[in-house]
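Enquirer: quick one: sequence plus predicted model below, questions after.
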Amino acid sequence: MIRKSLSIIAGIALTTSVYAADQKTICGESDDRTPSYNPKVARALGSMTEPAGCTITMIGKTCAVSAGHCHTTFGFAEFNTPLSQNGRIQHPKQEDIYEIDKSTLVYKNGGMGDDYAVVRIKPNTLTGKYPGIAQGHYNVSFNMPAKGDMVRITGYGADYSDNDRNFAQQTHAGPIDSLNRGSSVMNHRADTMGGNSGSSIIHEPTGKIIAIHTHGGCYSRGGANASTLIASHDALKKAITSCLQWEENNL
């Protein structure tokens, strides 16, 4: 796989640590991600003219989760996205594009194990439907997973070996490598690239979200990628519960 040096991903200037993460995110010798079309997982863009973004996932009618360091990409959420053309993202139909309600954003960009965002998404301007109703949503688990459990990441990462897949939706599953309850870090070995930040981590045995992917760390001969583990992060659990409670009381 050929990887290019990026000065900007998702419209955010890269720090040294994020740049390093972009270079070390494929777990093993090959990139094993495959194209996917999961309607519950969207691409987050700060504006409709940006070349790439982060990943955001529905957990309710309006509620969604992502990474805190992705907060500047929370302008629009695109679902059911087509493949890219000549490496450039292609937008879906207007009925699959939703404005993110930044006034509801609760987030923290505190590094590994403390990087999360919970936000609501407005109804579609064409259909009037909420995204979690039109596209579906995942349930969230507050239970601790176990080391070795298989997890799946679906998101909008870069792909410099295939122009059609570059920043288009792809998916891959791998095992949980380690759990650090004290710092809410869960390490995993599912392939990702820049743009996958904010991807929900699905616990394959239960089909529920257990973490949010935030940092790279895999390389060809070892390492592991990192996420914020929901079960051991009280502020994140509170933000998720509050958002879903608002839906129950108001929708």
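Expert: Here it is on my side, so go on. Since we're looking at a predicted model, the values are computed, not measured.
Enquirer: could you pull out the helices for the stretch 51-200 of the chain?
Expert: Secondary structure of the stretch 51-200 of the chain (DSSP state H, counting those that start in this stretch): helices at 131-134.
Enquirer: ranges for the strands of it?
Expert: Using DSSP state E, counting those that start in this stretch, the strands of the stretch 51-200 of the chain run over residues 54-58, 63-66, 76-78, 97-109, 115-121, 150-155, 170-180, 185-188, 200-203.
Enquirer: Serialize those to CSV and add fields for distance to N163, mean pLDDT and mean neighbour count.
Expert: All C-beta atoms are positioned from the backbone trio N, CA, C, and that covers glycine. Shown next, in CSV, are the strands of the stretch 51-200 of the chain (distance: least, Cβ to Cβ, whole Å; pLDDT from 0 to 100; neighbours: other Cβ atoms under 10 Å):
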stretch, distance to N163, mean pLDDT, mean neighbour count
strand 54-58, 19, 98, 30
strand 63-66, 25, 98, 30
strand 76-78, 19, 98, 24
strand 97-109, 23, 98, 17
strand 115-121, 29, 98, 26
strand 150-155, 18, 98, 24
strand 170-180, 13, 96, 19
strand 185-188, 27, 98, 26
strand 200-203, 26, 98, 26
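Enquirer: residue contacts, R221?
Expert: For R221, no contacting residues are found, by Cβ atoms under 8 Å, 6 or more residues apart in numbering.
Enquirer: before we move on, what about I97?
Expert: Per Cβ under 8 Å, 6+ apart, neighbours of I97: M48, F76, A77, E78, F79, H91, N124.
Enquirer: for D32, which of the strands of the stretch 51-200 of the chain is the nearest?
Expert: Ranking the strands of the stretch 51-200 of the chain by proximity to D32 (Cβ to Cβ) places strand 170-180 first, at 5.4 Å.
Enquirer: and the strands of the stretch 51-200 of the chain: which comes nearest G28?
Expert: Comparing the strands of the stretch 51-200 of the chain under Cβ to Cβ, the one sitting nearest is strand 170-180, at 9.0 Å.
Enquirer: tell me what angle that closest one forms with strand 150-155.
Expert: Using axes from the mean of the first three to the mean of the last three Cα atoms, to 10 degrees, the inter-axis angle of strand 170-180 relative to strand 150-155 is 130 degrees.
Enquirer: helices or strands up against strand 170-180?
Expert: With contacts defined as 3 or more Cβ pairs under 8 Å, 6 or more residues apart in numbering; DSSP states H and E, the packing partners of strand 170-180 are strand 34-35, strand 150-155, strand 185-188.
Enquirer: how about these, which one is nearest G60?
Expert: With distances scored as Cβ to Cβ, the stretch of these nearest to G60 is strand 150-155 (17.9 Å).
Enquirer: before we move on, back to that, any chance of the helices and strands packed on strand 170-180 in JSON lines, with distance to C63 too?
Expert: Compiled in JSON lines, the helices and strands packed on strand 170-180 are given as follows (distance: least, Cβ to Cβ, whole Å):
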{"stretch": "strand 34-35", "distance to C63": "27"}
{"stretch": "strand 150-155", "distance to C63": "18"}
{"stretch": "strand 185-188", "distance to C63": "21"}
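Enquirer: wait, which of those is closest to C54?
Expert: Closest to C54 of these is strand 150-155 (Cβ to Cβ; 8.1 Å).
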